[in-house]
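Asker: here is my input; please provide its structure:
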Amino acid sequence: MRKSVIAIIIIVLVVLYMSVFVVKEGERGITLRFGKVLRDDENKPLVYAPGLHFKIPFIESVKMLDARIQTMDNQADRFVTKEKKDLIVDSYIKWRISDFSRYYLATGGGDISQAEVLLKRKFSDRLRSEIGRLDVKDIVTDSRGRLTLEVRDALNSGSAGTDDEVATPAADDAIAEAAERVTAETKGKVPVVNPKQYGGVGYRSGRCAY
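Answerer: Numbering: from 1, shown residues only. Take a look at the predicted model:
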């Protein structure tokens, strides 16, 4: 009899242990029941904030999503300016999940590689479009800040539940030389900002091919 009681207590403790899950700081949890996402009254996936939570053992499982800021490096790519000049841009994107339920559905179960594919595609398309409307002078002067805002806003609107911070161009020597030529050509007409000021805030590098 005593052994039976001990066995029951052990089973109960095991079940209780398997019923508890902890969502750590910097994470969010989404619960699956028989492989299907649990949803709230608005038919959105239930998202668990950091803390102690409970689930049904053997029936429900938990998928953890990273809520921290992520950094995604992009390979250097060639873009064409308004005056048909080639611009090689080496860039990166800092992003984080803002809508976890939407992100989970858009990425096929919280697949971060899928999220990065979607972000890279949208980033490249938008940046190509924006650079195509500008000439080199526009890119190395104050309007570069506008370019960054345009691309960032495009990424944030309709993205897969993410907030994105696009880096601003940080010119290398080639861009600096181009800026000096622009300054000489427009002296007394248009004030030009030294492109080296942008270092560390934006697209890591850009090179003009003439």
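
Asker: measure residue 51 to residue 57 for me?
Answerer: The spacing between residue 51 and residue 57, counted by CB to CB, to the nearest Å, is 19 Å. For glycine as for every other residue, the C-beta is placed from the backbone atoms N, C-alpha and C.

Asker: what comes up buried for stretch 112-126?
Answerer: 115-116, 118-120, 122-124, 126 (16 or more other CB atoms under 10 Å).

Asker: one step back: who has more neighbours out of residue 51 and residue 57?
Answerer: Per other CB atoms under 10 Å, whichever of residue 51 and residue 57 has more neighbours is residue 57, with 14 against 10.

Asker: correct me if wrong: that one contacts residue 15.
Answerer: Yes: using CB atoms under 8 Å, residue 57 is in contact with residue 15, at 5.7 Å.

Asker: the longest helix in the protein is where?
Answerer: helix 112-131 (DSSP state H).

Asker: which strands or helices does the next helix or strand after it pack on?
Answerer: As assigned by DSSP states H and E, the chain's next helix or strand after helix 112-131 is helix 136-140. The helices and strands touching helix 136-140, judged by 3 or more CB pairs under 8 Å, 6 or more residues apart in numbering; DSSP states H and E, are helix 143-156, helix 173-185.

Asker: rank those helices by mean pLDDT and give me the bottom one.
Answerer: When the helices and strands packed on helix 136-140 are ranked by mean pLDDT, helix 173-185 comes last with a mean of 44.

Asker: neighbours of the closest residue to residue 147 other than its chain neighbours, how many?
Answerer: Nearest residue to residue 147, sequence neighbours excluded (CB to CB, 6 or more residues apart in numbering): residue 130, at 5.4 Å. Applying other CB under 10 Å, we find 19 residues neighbouring residue 130.
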